[in-house]
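Visitor: Here is my input, please return the structure:
(one chain, ligands or ions: 1)
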Amino acid sequence: MAQLARRSGVLITLVALALGSTASLAGGAEPIPRPTPKVAVIGTGGTIAGVSRTKVSFDDYQAGKLPVSRLVNDLRPEVNRIAGVTTQQFGNKDSNNYTIPEYRRLTAAVDHALKFNDGVVVTTGTDTMEEFAYWLDLTVRSDKPVVLTGAMRPWTVVGSDAPANLYNAIHLAASGRTTCFGTVVMLNDQIHAAREVRKSDTLRLNAFSSGSSGELGVIDQNHIRVNRAPARVEQCGKPGWKTPFDLDRIARRPLPKVDIAYSYQGAGPQAIKAFADAGAAGIVTAGSGAGGLSPAMTEARDDAVKNGVVMVSASRAAPAPSTTPMCAASSAPRA
Ligand code: SIN
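Guide: Numbers count the residues shown, from 1 in each chain. Next up, the predicted model:
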């Protein structure tokens, strides 16, 4: 009986709230029309811009063929209802083919577009999308939404994830829901933080995972659900929100060379030695477990340190995917 009374209480409150909101609308206050948000889509290539040999050749296609304007035009007129979309062709090639000087230009293109738009979507290949995302997260100075997307199937096959991913990415950028999040990745209806996301499957449509941190949120048609935010959101509006990596202040000469050496059972000293001899300023080791290296690699590392190479220890252990997204802000380090 008490339970029934409690339930009716909840119902009465809900009905009262609903009636209250109708009454205030009916009371003459017209909702103020929100101007359509402006979103720039910057295309760099990848499978999302891919052309397949036939409608069913899911793996037999050429990436980076269609111009980004064509991709966006295929989404019209529907996309016009969520944003005023303009496009910019930055490049049209595989993600692996981009260089650090091109990354610098991409950051400038994103920051420039954000001066005139409410959000930016960058389309890229998925192979190194996590590098694109983390680079932009560290270097873009604007706190407006930056959303990266791509696809696991080319634009032209049946059941391609490409059009839905692009539409959802534009929707997310236009919504403003990731303001101050830095760069996020949107694929397969899931929103990931740049710092945590990695490509964890070579073929499946759910190819991206944020490991034990879990995704930031999801998009289900009109509903964008954000369950948690990257830790930097706490600095929103403060000078500390921006990272120290202001490219206008970092000299245009080539950045110091940093390589990655992977450890495994019986790994020799060759990789570290070769990187150091080729002039690496720093080497990151992907070690086993908490960062362990084989004895020969450990010796090579100690020699490299003596010769002035900065060594950073990381783990090759990939964090397990989470099934339940956490609800608190996270500052989990990227492995
Ligand atoms: C690429 O990374 O450019 C090709 C593969 C992909 O987009 O999925």
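Visitor: Break down this protein into its helices, ranges please.
Guide: Taking DSSP state H to define them, one finds helices in the chain at 2-26, 68-74, 100-116, 129-139, 162-175, 270-277, 295-306.
Visitor: check contacts around whichever residue of the chain sits closest to the ligand.
Guide: At 1.9 Å from the ligand, G125 is the closest residue in the chain, using CB to the nearest ligand atom. Using the backbone N, CA and C atoms, a C-beta is placed for each residue, glycine as well. Neighbour list for G125: T44, G45, G46, T47, I48, A63, G64, K93, D94, S95, N96, G150 [criterion: CB atoms under 8 Å, 6 or more residues apart in numbering].
Visitor: Show me which pair in those is furthest apart.
Guide: I48 and N96 (14.9 Å; CB to CB).
Visitor: what about G119, how many residues close to it?
Guide: 28 (other CB atoms under 10 Å).
Visitor: what does the stretch 1-150 of the chain put close to the ligand?
Guide: Within the stretch 1-150 of the chain, the positions near the ligand by CB under 6 Å from any ligand atom are G45, G46, T47, A63, D94, S95, G125, T126, D127, G150.
Visitor: The fourth one against S52, yeah?
Guide: Think A63. No. At 10.3 Å, A63 does not count as touching S52 under the criterion of CB atoms under 8 Å.
Visitor: between these two, what contacts are shared?
Guide: P154.
Visitor: in the stretch 201-335 of the chain, which segments are predicted with low confidence?
Guide: 321-335 (pLDDT under 70).
Visitor: Mind doing that once more with 90?
Guide: Where the stretch 201-335 of the chain drops to pLDDT under 90, the residues are 251-254, 318-335.
Visitor: number of nearby residues for Y134?
Guide: Y134 has 20 nearby residues by other CB under 10 Å.
Visitor: Looks like it contacts R195 (just checking).
Guide: Yes. Taking contacts as CB under 8 Å, Y134 lies within contact range of R195: 6.4 Å.
Visitor: Which segments of this protein make up each domain?
Guide: 38-241, 258-330 (automatic domain parsing).
Visitor: Now do the same contact list for G237.
Guide: D143, C180.
Visitor: From H171, how far off is it?
Guide: 25 Å (CB to CB, to the nearest Å).
Visitor: same deal with Q190?
Guide: Distance from Q190 to H171, by CB to CB: 14 Å.
Visitor: cool, K199 as well?
Guide: For K199, the distance to H171 - CB to CB - is 23 Å.
Visitor: residues in contact with D201?
Guide: Counting by CB under 8 Å, 6+ apart, the residues that D201 touches are A207, S209.
Visitor: V218 touches H192, doesn't it?
Guide: No. The pair formed by V218 and H192 falls short of the contact definition of CB under 8 Å, at 10.6 Å.
Visitor: interface residues of the stretch 151-300 of the chain facing the ligand?
Guide: Going by CB under 6 Å from any ligand atom, the residues of the stretch 151-300 of the chain near the ligand are M152.
Visitor: which residues in the stretch 151-300 of the chain form strands?
Guide: Applying DSSP state E, counting those that start in this stretch to the stretch 151-300 of the chain gives strands spanning 183-187, 190-193, 198-199, 208-209, 217-220, 223-226, 258-262, 282-287.
Visitor: tell me the most buried of those?
Guide: Sort those by mean neighbour count, taking mean count of other CB atoms under 10 Å, and strand 183-187 sits at the top with a mean of 28.
Visitor: so what secondary structure elements neighbour it?
Guide: If you count contacts as 3 or more CB pairs under 8 Å, 6 or more residues apart in numbering; DSSP states H and E, strand 183-187 packs onto helix 129-139, strand 146-149, helix 162-175, strand 190-193.
Visitor: wait, which of those is closest to R316?
Guide: helix 129-139 (15.5 Å).
Visitor: List of residues touching the closest one?
Guide: Outside helix 129-139, the residues that touch it by CB under 8 Å, 6+ apart are 44, 46, 95, 98, 103-104, 106-107, 110, 122, 124, 146, 148, 150, 182-185, 194-195, 197-199, 208, 243, 245-247, 334.
Visitor: Centre of the chain to stretch 34-54, how far?
Guide: 15 Å (CA atoms, centre = their mean, to the nearest Å).
Visitor: Now that stretch: average pLDDT?
Guide: Stretch 34-54 carries an average pLDDT of 97.
Visitor: and what of stretch 149-168?
Guide: On average, stretch 149-168 scores 98.
Visitor: Enumerate every residue touching the residue nearest to T86 when sequence neighbours are not counted.
Guide: Nearest residue to T86, sequence neighbours excluded (CB to CB, 6 or more residues apart in numbering): A40, at 5.3 Å. Counting by CB under 8 Å, 6+ apart, A40 touches V85, T86, T87, Q88, A113, L114, F116, N117, G119, V120, V121.
Visitor: re the thing from before, how about the strands of the stretch 151-300 of the chain in TSV, adding distance to K273?
Guide: Putting the strands of the stretch 151-300 of the chain into TSV (distance: least, CB to CB, whole Å) gives the following:
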stretch	distance to K273
strand 183-187	35
strand 190-193	36
strand 198-199	28
strand 208-209	34
strand 217-220	45
strand 223-226	47
strand 258-262	10
strand 282-287	10
